[in-house]
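Asker: Fold the following and give me the result.
(chains A and B)
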Amino acid sequence: MKPLLEVENLRAHFFMPSGVLKAADGVSFQIQPGEIVALAGESGSGKSVTTQCIMRLLPSPGRIVEGAIRFKGEDLLSLSPEEMRRIRGRHISVVLQDAMAALNPVIPVGEQVADILLAHTSDSVKQAWEKAVELLGKMGIPRARERANYYAHEFSGGMQQRVVISTALACNPELIIADEPTTALDVTIQLQILSLLLEARDKMGSAILYISHDLATAVSICDRIMIMYAGEIVESAPTREILTNPMHPYARGLIDSIPSLGERPMEFLRAIPGFPPNPMDLPSTCRFAPRCSYVKDECLARGPELVERVPGHHVRCFLDEQGLK
Amino acid sequence: MTALLEVRNLTKHFAASRLWILRTGKITKAVEDVSFSVEEGEIFGLVGESGCGKTTTGRLILRLIEPTFGKIFFEGEDVTCLSREELHEYRRKAQIIFQDPFSALNPRRNIEDILSDGYEVYGLAKGQERQDRIVALLERVGLGADALDRYPHQFSGGQRQRIVIARALTVDPKFLVADEPVSALDVSIQAQVLNLLRQLQRDVKFTMLLIAHDLRVIYHMSDRIGVMYLGRLVELADKQHLYSQPLHPYTQALISSAPPMEPGKWIQKAALKGEVWDKMPPPGGCVFYPRCPIAVEECEVTIPPLEAKGENHWVACLRA
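Answerer: The predicted model follows:
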């Protein structure tokens, strides 16, 4: 199968007065059509910057210094701004964490959904409005015809996110990037919102890149999980595989540090010591080495490459499989 | 075991806004008729979604805000009617850890200044002795003496939260309110801070009211758990009972809302319909009535009292 999205050796750096911040530093991955993939990591690990690069929305002083991003074989980085606008919303769309900020406060929500259709399809204004109302209803907004005339502030956080998802799904995009879509929402709403995204995959075959710091939701909805640390992907594997057989000490540490539910809990969690490196001053060795309990001489001499250990399971670590056990 | 803290019928109403109250007299019932007690030495967890009144409850207990109604007993003494001096003394015994370690520390004061306040205000230690105690405390929370003359911005979020914890401990409190102590922190740092709190509780033997929205955090840390919804305590039990036999439909929903660490399982569970603020609960009825999957007519007109159902298990539901 030809991949839908290919990111190859992406380096996005921020050129600040105080130095160069290497937010994404050699990120490579692929997404197949219809696949749900998680890009998980802590704040500052570079996951959001990676998605901003894919959408070509990297804010200044950030710059893509190296790498290629191919969508259905086409290099996104070589497109003109005009051509890129035709991709956004139509072929690739985004759902962001803060729904209130994503919506325009002075335009009724129905109009904002219709706008996407007007920009990318040949629908008339009337047709676009009808479709928008229908879509809002499908996304679980009660009395959609009436509420399409409401403004964003008249909705609760969960309902706002439903509107944002309506705009994201309006043109049946092949890829939906969901950047922490439920982080700002209450726990009982999370599942409702994520179900909408899963439905979009099942009905329209859209692929989803799910960005989150929350490994538990990623495990629940994703086919494959990629874990980022300090600007690099350190491990990527199918969900079940990474849960049962994590090969990178950081991935292992993340999974272990989540408090368990239901069983009689351990007194102490297995926490990862230390904290992530300063992105302005990254070592040329393994970036996790200072926090790693398996560190060897080799790790302090040079940085490991991302290698495919078993088919579909990529790891960036010098340790062999026995090493972690 | 004896109750260190007892809360009886605690209630807090806020005026929605001054103008509003002039026009309609409308009020927000942040906390409504909440009663529970915290035993000496235990960690009592309070869990619920945003707006359920858990933070307000914590603040009321420390009298950072004044209750509208209800009583709070600490070591058998009513703290709702303390004099100024008595309140001063009470605050030495009961301290708080705030959620946001970025706004909880004054950016213009160095760590030694920040940690000196407790000693200064209560006249506990001076000069070299004070400094020795501060350094010992810093080491206890995983920092060193080199932190003394540094400023909050020079520390990461996790380190700042350690400083906030150290500050709460300067006056040797018996009781700590930890209001979302890890929700602003990254996953790998969360585990460090939770371990630190557990270790300190073990060593210093304080009692803690832990407030969090994350069921995993609450379940991991607490001995007993109270579940709040729209200002009311709807269920209270020790943690094993609460998780294995939740009686209140909201608790059941909350537990099934927590994603398990197993692929595919979560999404099969039926999600709770609607949202907290979709529809206000009927006045004089159960707060969960508008979203409740098992509600009957009676629920609309009866406020269910918190009743004992089995040993150490209380629930406020007519159908439980």
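Asker: Just list whatever residues bridge to residue 225.
Answerer: Looking at chain A here, since you left the chain open. residue A:38, residue A:237 (DSSP bridges).
Asker: Chain B, not that one
Answerer: The partner residues for residue B:225, given DSSP bridges, come to residue B:45, residue B:237.
Asker: where does chain B dip in pLDDT?
Answerer: Within chain B, the segments meeting pLDDT under 70 span B:1, B:16-25, B:267-271, B:277-278.
Asker: in it, which helix has the most residues?
Answerer: Determined from DSSP state H, the single longest helix within chain B is helix B:187-204.
Asker: Chain neighbours aside, what residue packs nearest to residue A:84?
Answerer: Leaving aside its chain neighbours, residue A:84 sits nearest to residue A:56 (5.1 Å; criterion: CB to CB, 6 or more residues apart in numbering or on different chains). For glycine as for every other residue, the C-beta is placed from the backbone atoms N, C-alpha and C.
Asker: hey, where'd the helices end up in chain A?
Answerer: Under DSSP H, chain A gives helices at A:47-54, A:81-87, A:99-102, A:109-120, A:125-138, A:144-147, A:157-169, A:187-204, A:215-221, A:239-244, A:249-256, A:297-301.
Asker: before we move on, what about chain B?
Answerer: B:18-24, B:54-61, B:84-93, B:111-122, B:127-140, B:157-169, B:187-204, B:215-221, B:239-244, B:249-257, B:265-268, B:297-301.
Asker: Would you convert the ones you listed into TSV that also reports mean neighbour count and distance to chain A?
Answerer: As requested, the helices of chain B are arranged in TSV below (neighbours: other CB atoms under 10 Å in any protein chain shown; distance: least, CB to the nearest CB, whole Å):
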stretch	mean neighbour count	distance to chain A
helix B:18-24	10	17
helix B:54-61	23	13
helix B:84-93	13	26
helix B:111-122	18	17
helix B:127-140	15	16
helix B:157-169	23	6
helix B:187-204	20	4
helix B:215-221	23	3
helix B:239-244	18	6
helix B:249-257	22	5
helix B:265-268	14	4
helix B:297-301	13	19
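Asker: do you know which of those helices lies nearest residue A:7?
Answerer: With CB to CB as the criterion, residue A:7 lies closest to helix B:187-204 of the helices of chain B, at 23.8 Å.
Asker: hmm, who's touching that closest one?
Answerer: Helix B:187-204 is contacted by residues A:42, A:213-215, A:253-254, A:257-259, A:267-273, A:275, B:43, B:140-142, B:156-158, B:161-162, B:165, B:169, B:172, B:178, B:181-182, B:185, B:206, B:208, B:217, B:220-221 when judged by CB atoms under 8 Å, 6 or more residues apart in numbering or on different chains.
Asker: Just give me the neighbour total for the residue lying closest to residue A:312 once chain neighbours are set aside.
Answerer: Using CB to CB, 6+ apart and skipping the chain neighbours, the partner closest in space to residue A:312 is residue A:238 (5.9 Å). Neighbour count of residue A:238, defined by other CB atoms under 10 Å in any protein chain shown: 15.
Asker: Distance of residue A:238 relative to residue B:263?
Answerer: The spacing between residue A:238 and residue B:263, counted by CB to CB, to the nearest Å, is 9 Å.
Asker: Could you do residue A:252 as well?
Answerer: For residue A:252, the distance to residue B:263 - CB to CB - is 17 Å.
Asker: got it, and residue B:158?
Answerer: For residue B:158, the distance to residue B:263 - CB to CB - is 29 Å.
Asker: now do residue A:270
Answerer: Taken as CB to CB, the span from residue A:270 to residue B:263 is 22 Å.
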